[in-house]
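A.B. asks: quick check, what structure comes out for this input:
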Amino acid sequence: MRPYPCARSRCAARARRARRRSQAHDRLGHQIPCCARRGQCGVSDADVRSGQESRRQASSLHRVPIGCGLAAIVALFIGCAIWLTFTRLAGLIQASGRIEVDSSRHVIEHPTGGIIDKVYVKSGDHVTRGQVLIRLDADDIRTELAIVEASEFAVQAQRARLQAERDGTERIAYPASLWEAAKHREDVAKLVEGQKAIFEARKQSFAQQRADMARQIQQISAQRDGIDTQVSALEREERLIEKELSLRERLKDRGLATSAQILALTREQVSLERQLGALRAQKTQLTVQSGGVVLTASRLQSQRREEIESQLESRNARAIELSARATHLRRELARRTLRAPVNGTVHDVRLRGAHAVLRPAEMAMAIVETGRPLVINARIDPINVDGVAAGQSAILRFPGLSRRISSDLIGKLTRISPDTLTDPVTGESYYQVQVTFDIGQLDTEESSLLVPGMPTEVFLQTEPVSPIRYLLSPFLDFFALGGAAG
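C.D. replies: Model prediction:
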């Protein structure tokens, strides 16, 4: 037998052996009394009591570490519960995007298209606002504009001539634009000279008509004066005949004159009265004729003025029409020259060269504006849009510059598309979001590496929630769906 260091250990060993024997006898049958079994084994009651005391002491020794372990487990569970309840974890929504200019690129296109005459730029060229990019063929518009401008100059010259005729001036007051055009264009100079000749001819013709009428009035006036002279002479002669007739009648009473003499004088007096009546009637006719000539002159002047006013009104309407047409053609001519809308860089030139046909609304090239802040345009899966809101923080990474830009950039979500968009190639639906960032987070060398079109990874930080919410969310959703289905 192996020796034990103390009596307590020997007692414990005996108790263990007795317990094993008792268990063996119990398997044989439970009818044998315990004291009989202990007697059969040679174990006394003192040994049994000593073993029981040893077991109690051993059990008390084992309870201390077990209690500590249980307390540690409870503390761990309580700590985990506190952490799961009060800790806040922020999730990340990953999106892919690219760098773009804030105002985006400006597409150069033409509403009606045309034949390309000349292309002045190529991809990568820096252009300024208003610089000529493309010139389309415009010979048809130039031809029509030349015709309209010639008609416009002709109408201006006619208006100036009619205004001079209406106002009765000695010279035509041409517009300054017409004088300036006449200095450089022979056709306009001929128009000016032609209207001047018409003005002089019409003025002379009207003056001749007025002179003829004035002569007619003078002639009638002279005839009236002659009639007045004849009437005065006949009236004097009539008075003399009346005196002679009175004298003859007195002589007849004395027997010194005959009745024949008195009848002759009476007949002569009647003849004079007839002549005076004819002259007075002729004078009246001349007066009426003179009034008719004056009326004709006045009517002629009125008709001439009405004709001038009518022609002037027609020319004014024609001038307005031609001016509007010329303005439209000049705008069309200006549209045939495509200019840069902003300062920027030429990008994505799609022209095939001179004399090619540019279809209506077809993209010719694009201008990427310079001097504008850079932004990130990214695509969000519709399933994640409920965790996205304007003002969220975003972490920006540039895969192509991971070795040259060591730290991530912090941005801010500024805009979300109101509805889903569809990729025309893949057919996938997505939400368009825009993220702004401060370029000052990078030094000058690093910021120069960021160019439009560079791919970017965007990580949007969602609203912080507790871990227990993450753990219970599937169950809550399941029960919510189950309740809705019920």
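A.B. asks: quick one: contacts for the nearest residue to residue 362 once chain neighbours are set aside?
C.D. replies: For residue 362, the nearest residue in space outside its immediate sequence neighbours is residue 109; the separation is 6.2 Å by CB to CB, 6 or more residues apart in numbering. Bear in mind the C-beta positions are built from the backbone N, C-alpha and C, glycine included. If you count contacts by CB atoms under 8 Å, 6 or more residues apart in numbering, residue 109 has them with 361, 362, 363, 364.
A.B. asks: cool, residue 152 as well?
C.D. replies: With contacts defined as CB under 8 Å, 6+ apart, residue 152 is in contact with 319, 322, 323, 326.
A.B. asks: and the nearest residue to the first one once chain neighbours are set aside, how far is that from residue 378?
C.D. replies: Spatial nearest neighbour of residue 319, excluding adjacent residues (CB to CB, 6+ apart): residue 155 at 4.7 Å. Between residue 155 and residue 378 the distance, using CB to CB, to the nearest Å, works out to 61 Å.
A.B. asks: got it, and residue 108?
C.D. replies: Separation of residue 108 from residue 378 (CB to CB): 27 Å.
A.B. asks: any low-confidence regions in the stretch 351-486 of the chain?
C.D. replies: For the stretch 351-486 of the chain, applying pLDDT under 70 flags the ranges 402-403, 406, 463-486.
A.B. asks: what are the ranges of the strands in it?
C.D. replies: Across the stretch 351-486 of the chain, reading from the start of the chain, the strands by DSSP state E, counting those that start in this stretch fall at 357-358, 363-369, 374-380, 393-397, 409-416, 421-422, 429-437, 455-461.
A.B. asks: domains in this structure, by residue range?
C.D. replies: Segmentation of the chain into domains, based on automatic domain parsing, reads 7-85, 94-135+346-463, 139-335.
A.B. asks: same question for stretch 397-414: list its buried residues.
C.D. replies: By neighbour count, with 16 or more other CB atoms under 10 Å as the criterion, the buried positions of stretch 397-414 are 398, 401, 405, 409, 411, 413, 414.
A.B. asks: hang on, the earlier thing: pipe the contacts of residue 152 into a markdown table and attach secondary structure per row.
C.D. replies: Compiled in a markdown table, those are given as follows (DSSP: H, G, I helix; E, B strand; the rest coil):
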| residue | secondary structure |
| --- | --- |
| 319 | helix |
| 322 | helix |
| 323 | helix |
| 326 | helix |
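A.B. asks: follow-up on the earlier one: who has more neighbours, residue 155 and residue 378?
C.D. replies: Set side by side, residue 155 and residue 378 show more neighbours around residue 378, with 25 against 21, by other CB atoms under 10 Å.
A.B. asks: residues in contact with stretch 177-190?
C.D. replies: Under the contact criterion CB under 8 Å, 6+ apart, stretch 177-190 has outside partners 150, 153, 156, 157, 160, 174, 191, 192.
A.B. asks: try it again with 7 Å
C.D. replies: Residues outside stretch 177-190 that contact it (CB atoms under 7 Å, 6 or more residues apart in numbering): 150, 153, 156, 157, 192.
A.B. asks: scan those and report the most crowded one.
C.D. replies: residue 157 (26 neighbours).
A.B. asks: which is the next helix or strand following the helix or strand hosting it?
C.D. replies: Here residue 157 sits within helix 139-167, counting by DSSP states H and E. Beyond helix 139-167 on the C-terminal side, the first helix or strand identified by DSSP H and E is helix 176-184.
A.B. asks: and the next helix or strand past that following helix?
C.D. replies: For helix 176-184, the succeeding helix or strand toward the C-terminus, using DSSP H and E, is helix 186-254.
A.B. asks: close enough to count as contact, residue 154 and residue 195?
C.D. replies: No: at 8.5 Å, residue 154 and residue 195 do not qualify as touching, with contact defined as CB atoms under 7 Å.
A.B. asks: which residues sit in contact with residue 73?
C.D. replies: For residue 73, the contact set (CB under 7 Å, 6+ apart) is empty.
A.B. asks: follow-up on the earlier one: how about the strands of the stretch 351-486 of the chain in JSON lines, adding distance to residue 443?
C.D. replies: Putting the strands of the stretch 351-486 of the chain into JSON lines (distance: least, CB to CB, whole Å) gives the following:
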{"stretch": "strand 357-358", "distance to residue 443": "44"}
{"stretch": "strand 363-369", "distance to residue 443": "24"}
{"stretch": "strand 374-380", "distance to residue 443": "16"}
{"stretch": "strand 393-397", "distance to residue 443": "16"}
{"stretch": "strand 409-416", "distance to residue 443": "12"}
{"stretch": "strand 421-422", "distance to residue 443": "36"}
{"stretch": "strand 429-437", "distance to residue 443": "15"}
{"stretch": "strand 455-461", "distance to residue 443": "19"}
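A.B. asks: may I have stretch 252-262 as PDB, with CA atoms only?
C.D. replies: The C-alpha trace of stretch 252-262 is given here as PDB (Å, rounded to 0.1, in the frame of the first residue of the first chain):
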ATOM      1  CA  LYS A 252     -88.000 166.800-128.800                       C
ATOM      2  CA  ASP A 253     -90.400 168.600-126.600                       C
ATOM      3  CA  ARG A 254     -89.200 171.800-128.200                       C
ATOM      4  CA  GLY A 255     -89.400 170.300-131.600                       C
ATOM      5  CA  LEU A 256     -85.700 170.300-132.100                       C
ATOM      6  CA  ALA A 257     -85.200 166.400-132.200                       C
ATOM      7  CA  THR A 258     -87.000 163.600-133.800                       C
ATOM      8  CA  SER A 259     -88.400 160.300-132.400                       C
ATOM      9  CA  ALA A 260     -86.000 158.400-134.600                       C
ATOM     10  CA  GLN A 261     -83.000 159.900-132.900                       C
ATOM     11  CA  ILE A 262     -84.500 159.000-129.500                       C
END
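A.B. asks: what does that stretch rub up against?
C.D. replies: By CB under 7 Å, 6+ apart, the list of residues contacting stretch 252-262 from outside reads 245, 248, 249, 251.
A.B. asks: what about it, distance to the chain center?
C.D. replies: 120 Å (CA atoms, centre = their mean, to the nearest Å).
A.B. asks: buried stuff in that stretch?
C.D. replies: Buried residues in stretch 252-262, counted by 16+ other CB under 10 Å: 257, 261, 262.
A.B. asks: after the host helix or strand of residue 334 comes which helix or strand?
C.D. replies: Mapping residue 334 onto the secondary structure by DSSP H and E places it in helix 259-335. As assigned by DSSP H and E, the chain's next helix or strand after helix 259-335 is strand 337-339.
A.B. asks: give the buried residues for that next one.
C.D. replies: Judged by neighbour count (16+ other CB under 10 Å), strand 337-339 contains these buried residues: 338, 339.
A.B. asks: what are the pairing partners of it, and which direction each?
C.D. replies: The strands beside strand 337-339 in its sheet (DSSP bridges) come out as strand 132-136 (antiparallel).
A.B. asks: distance from the chain centre to the strand it pairs with, please.
C.D. replies: Counting by CA atoms, centre = their mean, strand 132-136 is centred 22 Å from the centre of its parent chain.
A.B. asks: give the buried residues for that strand.
C.D. replies: Applying a neighbour-count criterion of 16+ other CB under 10 Å, one finds 133, 134, 135, 136 buried in strand 132-136.
A.B. asks: how about that strand as PDB, C-alpha atoms only?
C.D. replies: This file holds the C-alpha atoms of strand 132-136, laid out as PDB (Å, rounded to 0.1, in the frame of the first residue of the first chain):
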ATOM      1  CA  VAL A 132     -14.300  79.500 -81.500                       C
ATOM      2  CA  LEU A 133     -14.400  75.700 -81.500                       C
ATOM      3  CA  ILE A 134     -16.200  74.700 -84.700                       C
ATOM      4  CA  ARG A 135     -17.500  76.600 -87.700                       C
ATOM      5  CA  LEU A 136     -20.200  75.100 -89.900                       C
END
